[in-house]
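Engineer: sharing a model prediction with you, sequence too.
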Amino acid sequence: MKKYVAETIGTFALVFAGTGAIVVNDFSQGAISHAGIALTFGLVVMAMIYAIGDVSGAHINPAVTIAFWVAKRFDGRQVVPYIVAQLLGAFAASGVLRVLFLEHDTLGATLPTGPWWQSFVFEVLLTFILMFVILNVSTGAKEKGIMAGAAIGGVVAFEAMFAGPICGASMNPARSIAPAVVGGNLEHMWLYVVAPVLGALLAVPGCRCIQEEGCCSVRLADSTDCETQNVA
């Protein structure tokens with residue numbers, strides 16, 4: 001239960017701070033700026049990895065949870081509870097933002113600015129890069145964990161920095177589903193569910209290609225050991 005609570009709190013913080021930065025930027029006439037929004041996403045991800053990584057692995061992202069399971073580094077029995085916890089945290093964050101900003105139309109939802117296929121390709125590639133980094137820096141978390149949070153948070157920040165104006169740089173179905181549902185912007189929600197999951201799954205064989213023993217074939221001999229390795 002501690003793991004599920006940690007995932008709920010972690011995803012709440014991610015969605016509240018990240019999409020909250022978008023909403024506040026709109027209400028403050030650009031005081032935060034696009035760069036500030038990108039850094040907010042990166043910093044909150046980094047902070048949550050250090051805060052709850054030892055408890056739940058700090059997935060805070062359904063695509064990451066699914067990819068860890070496919071990579072045989074996560075117990076399949078915990079996939080659904082993890083995703084439920086992540087969605088619960090995301091919806092709670094969007095609900096709070098709706099109460100605070102009743103006039104805002106999107107609540108920081110991810111929306112394509114061009115054709116849908118352009119954003120789809122962006123989201124697949126962005127999530128591939130993110131999950132590729134996660135899989136590599138989280139192998140042997142006890143040895144590499146000190147810098148894992150900075151590396152993963154950095155990826156989120158630079159991807160949001162350059163791709164955000166085109167596709168929103170979601171890379172996270174929970175981050176996109178909650179504001180889309182609460183804000184009533186459902187037209188492109190499917191894109192931000194399918195593309196991140198596909199990108200994360202593609203990173204699994206990509207990781208295997210560069211690791212001698214396969215970074216994605218860690219045995220699930222002990223669920224605690226598995227969780228301490230999944231610091232993403």
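Structural biologist: Great, that's in hand.
Engineer: show me the helices in this protein, by range?
Structural biologist: 2-27, 33-56, 62-70, 79-100, 116-137, 141-167, 173-183, 191-210, 223-229 (DSSP state H).
Engineer: just so I know, which of those lies nearest residue 106?
Structural biologist: helix 173-183 (5.1 Å; Cβ to Cβ). (C-beta placed from N, C-alpha, C; glycine too.)
Engineer: pull out the buried positions in that closest one.
Structural biologist: Buried residues in helix 173-183, counted by 16 or more other Cβ atoms under 10 Å: 173, 174, 175, 176, 177, 178, 179, 180, 181, 182, 183.
Engineer: before we move on, what about stretch 198-210?
Structural biologist: 199, 200, 201, 202, 203, 204, 206, 207.
Engineer: just those now: which is nearest residue 58?
Structural biologist: Distance to residue 58 across the buried residues of stretch 198-210 (Cβ to Cβ) is lowest for residue 200, with 15.1 Å.
Engineer: OK, contacts around the closest one?
Structural biologist: Taking Cβ atoms under 8 Å, 6 or more residues apart in numbering as the criterion, residue 200 is in contact with 63, 64, 66, 67, 127, 128, 130, 131.
Engineer: for these, which one is nearest residue 55?
Structural biologist: Nearest to residue 55 among the contacts of residue 200, with distances taken as Cβ to Cβ, is residue 64, at 15.3 Å.
Engineer: ok, residue 137 to residue 97 distance?
Structural biologist: As judged by Cβ to Cβ, to the nearest Å, residue 137 and residue 97 stand 31 Å apart.
Engineer: and if you look at residue 148?
Structural biologist: Distance, residue 148 to residue 97, using Cβ to Cβ: 29 Å.
Engineer: can you check residue 26 too?
Structural biologist: For residue 26, the distance to residue 97 - Cβ to Cβ - is 12 Å.
Engineer: find the residues that touch each one of those two.
Structural biologist: In contact with both residue 26 and residue 97: residue 104, using Cβ under 8 Å, 6+ apart.
Engineer: and those two? Which one has more around it.
Structural biologist: More crowded of residue 26 and residue 97, by other Cβ atoms under 10 Å: residue 97, with 24 against 17.
Engineer: wait, what's in contact with the closest residue to that one other than its chain neighbours?
Structural biologist: Counting by Cβ to Cβ, 6 or more residues apart in numbering, residue 107 is the residue found nearest to residue 97 once chain neighbours are left out, at 5.3 Å. Residue 107 makes contact with 19, 23, 94, 97, 98, 101, 179, 182, 183 under the criterion Cβ under 8 Å, 6+ apart.
Engineer: what values do phi and psi take at residue 107?
Structural biologist: phi 60, psi 30 (degrees, to the nearest 10).
Engineer: ok, back up a step: and of the contacts of residue 200, the nearest to residue 8?
Structural biologist: Once Cβ to Cβ is applied, the member of the contacts of residue 200 that ends up nearest residue 8 is residue 64, at 15.2 Å.
Engineer: check contacts around that closest one.
Structural biologist: Here residue 64 is in contact with 131, 134, 172, 200, 232 (Cβ under 8 Å, 6+ apart).
Engineer: kindly reformat those as TSV containing distance to residue 37 and pLDDT.
Structural biologist: As requested, the contacts of residue 64 are exported to TSV (distance: Cβ to Cβ, whole Å; pLDDT from 0 to 100):
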residue	distance to residue 37	pLDDT
131	22	95
134	22	93
172	15	98
200	22	97
232	21	41
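Engineer: so which of those residues comes closest to residue 75?
Structural biologist: Using Cβ to Cβ, the contacts of residue 64 come closest to residue 75 at residue 232, 15.9 Å.
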